[in-house]
Every structure is written in structure tokens, then in C-alpha cells.
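J.: I'd like to go over a predicted model; first the sequence, then the structure.
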Amino acid sequence: MPQNNPKISVIMPSLNVGNYIEQCIKSVLDQTLTDFEIICIDAGSTDGTVEILQKYAKEDSRIQIINTDKKSYGYQVNLGISKARGDYIAIVETDDYIDPKMFETLYNLNENNTVDIIKGNFYHQYDYQDNTFTLNIDQAKDRLENNSSFTLDDEPLFIEGHPSIWSGIYRRKFLEENNIKLLEEPAGGWVDNPFFYETAMLARKIRYIPDAFYYYRESNPNSSSNTFSSFTLPMNRVLDIFDVFNKHDYKNKDVEKLFYNRLFRYIEIILENNNMDIKNLDMPTRRSINKVLKQVDENKVKKLKPNFQKLYYKYSSPLFIIE
């Protein structure tokens, strides 16, 4: 039976990932650090995912399976964290997989359980029909060079790039004491974004290493990161990040600039998914973009690159949302 307080609780939310779940759970079970528990939260899979999980749970007492009919990534992760007993929380998305040394390497940086976030790098994996794949190491934090613990104020570049909340581990008591939870939106809902910012803002100690341990599968067509339930989704999450800034009265001009870069990049993504033609944007999407831009500080926009400034002045106008 697992120890009362394992070193790591691994949260694994799943929904119809039958093509990937075996590789995922085997990669967790193959970790060189063995003192962990696995909490699988399945949201009603119908493709054999649960049966595969049950097979492994019969063989390994560290695995428990929780079934829910609520199809919400945020709800699933929160439910898993509420059941967790580990010193640290890991989130492994069940269409991905991890390096055998991930948990041992990250956990060994915990400085007597005082580091709130310990994060490594990750690979973007692209699969092809002939069963081959390519890996590209993420380069967003290449300029972040710090071999000791730091805060976000010390190293604003920590907030750069993909939220990649699954490429690190989080001190459980840090999450509990600050009541940090994921938004419980339907499906995936990009809820990693506000969680990413809130944990980074509140952490008193962060460790980051450039070694990549996590294999992030970009080519799963059912992944929430590859699908839009609505083009308002990125803008809703940007508004949630504004709420995080306001809730904690967090001010740091370098972090704010990086956030603005993310905000305008998300607007670009919406346009790219609509052939760069605003005529293809429905009215809810236009209103969501306009609502975000009303919260933007024009003086800060003037310090961004020209194409972002152009987006601001073009879409912050009330004329943008007139039929």
C-alpha cells in the first residue's frame, strides 16, 4: 500500500485517450522515484481508457481511479488535488508521457520542501500517420538562467511561453494555503492560463531547470489545446488573468509586458484561425476582443512591437463591434 504521505501525488485527468493512455501511465510507473501515488480522474471515457487504467490499478496499489460525469479538465484536476496526500503535486495529461527521471530530478530540488514550484522544460511532439514523430524542445525560457531559487519578481521571464503547468511539480501545501484552484470550465477551457499566473505570482520560491522531461503531444486532434469550443475562449482566459493581477494587486512592469505580449498573441491566433479576416469573426468573438482591450493600458501598448500596437488601435474601437 502507498505511504500516508508519498513524495508526489500524480494527477491524471482522462477522457477518451485510449490511443495514448497506456504509454502515459507506463511512463509514470517507470519513474526512478517510486514513492508516489497516482490519482486518475476519468470523465466518462467510452473508448477503453478506463479498462486500461483498471488493468494497471489491479497490478499496482499506488493507483486509484475516480470516475466523474463532469467533463471539465479543471474540475478533474481540482478533484485529484483534493484527494492528494503527497508533498508535491504533479499533473500528467493522459495523451502525453514523461521521462523516467522527471520526478526524481525535480523533487531533489525541493530544498527541504520549501520550494513552491519546481519546473523543467518540455518537448513539443508531432506524430505522423506512418508512426514516426518529431520532437522540438521548447525555447520560450532559453534566456532564463538561474541555478538557484527565485521569485517571479526576480525572474519575470519565468512567465514567458506556454503555461506548461504539467512540466513541473507544485508544493501541495502552497496550493492549499493560497486556495489556488483551476477554473472548472467545460472541457479543457484553457484553464491552465490563470493557474500558471497565479502560482507564479504567489510562489515564494521557484526553481527552473532547462532539462526537458515532459513530452507534450501536439497532434492529438481531440486535445483541448487543438480545438476551440468558441473563439471567445482565449479572451475569457485573458480576462481571468487580469482578475488574478487585480486579486493579488500584483504589479511588475516586466511581467505585465510579457502578459500583454501573450494577450495580443492570442488575438493573432484567433485571426489566424479565421483566415486573418475580421469579417469571419462572429459578434461574440468581436465583443470578447473588445472587452479585453478596454482593460488594456494604452501607455503599456506603446512599448510593444508595432504589429501588437496595430491590433490594439484597430480592435479597441467601438466600431469593431458594430454590426
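T.: Looks like it came in fine. Numbering: from 1, shown residues only.
J.: could you pull out the helices in the protein for me?
T.: With DSSP state H, the ranges of helices along the chain come out as 21-29, 49-59, 73-83, 102-107, 172-177, 192-202, 233-247, 253-272, 283-294, 298-301, 306-315.
J.: how many other residues sit next to the closest residue to I25 other than its chain neighbours?
T.: Leaving out its chain neighbours, the residue that sits closest to I25 by C-beta to C-beta, 6 or more residues apart in numbering is Y56, at 5.5 Å. C-betas here are computed from N, CA, C, even on glycine. By other C-beta atoms under 10 Å, the residues close to Y56 number 19.
J.: and for L79?
T.: Neighbour tally, L79, other C-beta under 10 Å: 20.
J.: make 16 the starting number, not 1.
T.: New numbering, starting at 16: the last item is L94.
J.: quick one: it and T83 touch, right?
T.: Yes. Contact criterion C-beta atoms under 8 Å: L94 and T83 qualify, at 6.6 Å.
J.: which neighbours do these two share?
T.: Here L94 and T83 have I56 as joint contacts, going by C-beta atoms under 8 Å, 6 or more residues apart in numbering.
J.: pull the contacting residues for T47.
T.: T47 touches 115-116, 118-119, counting by C-beta under 8 Å, 6+ apart.
J.: now it: closest residue in space that isn't a chain neighbour?
T.: E119 (4.6 Å).
J.: for I133, see how far away that neighbour is.
T.: Remark: distance between E119 and I133 (C-beta to C-beta, to the nearest Å) = 12 Å.
J.: next: K86.
T.: Distance, K86 to I133, by C-beta to C-beta: 30 Å.
J.: which one of those two has more residues nearby?
T.: Each of K86 and I133 has its neighbours counted (other C-beta under 10 Å); I133 has more, 24 against 14.
J.: the more buried one pairs with what?
T.: Taking DSSP bridges, one obtains I184, R222 as the residues bridged to I133.
J.: of the contacts of T47, closest to L326?
T.: Checking the contacts of T47 against L326 with C-beta to C-beta, the nearest one is F118 at 40.9 Å.
J.: pLDDT of stretch 21-38, averaged?
T.: What stretch 21-38 shows for mean pLDDT is 97.
J.: pull the contacting residues for T166.
T.: Taking C-beta under 8 Å, 6+ apart, we find T166 in contact with 218-221.
J.: with L254 instead?
T.: 306-307, 310.
J.: if we use 6 Å, what do you get?
T.: Taking C-beta atoms under 6 Å, 6 or more residues apart in numbering, we find L254 in contact with no residue.
J.: again with F148
T.: Shown in contact with F148 (C-beta under 6 Å, 6+ apart): 140, 142.
J.: what do you get if the cut-off is 7 Å, keeping everything else the same?
T.: 140-142 (C-beta atoms under 7 Å, 6 or more residues apart in numbering).
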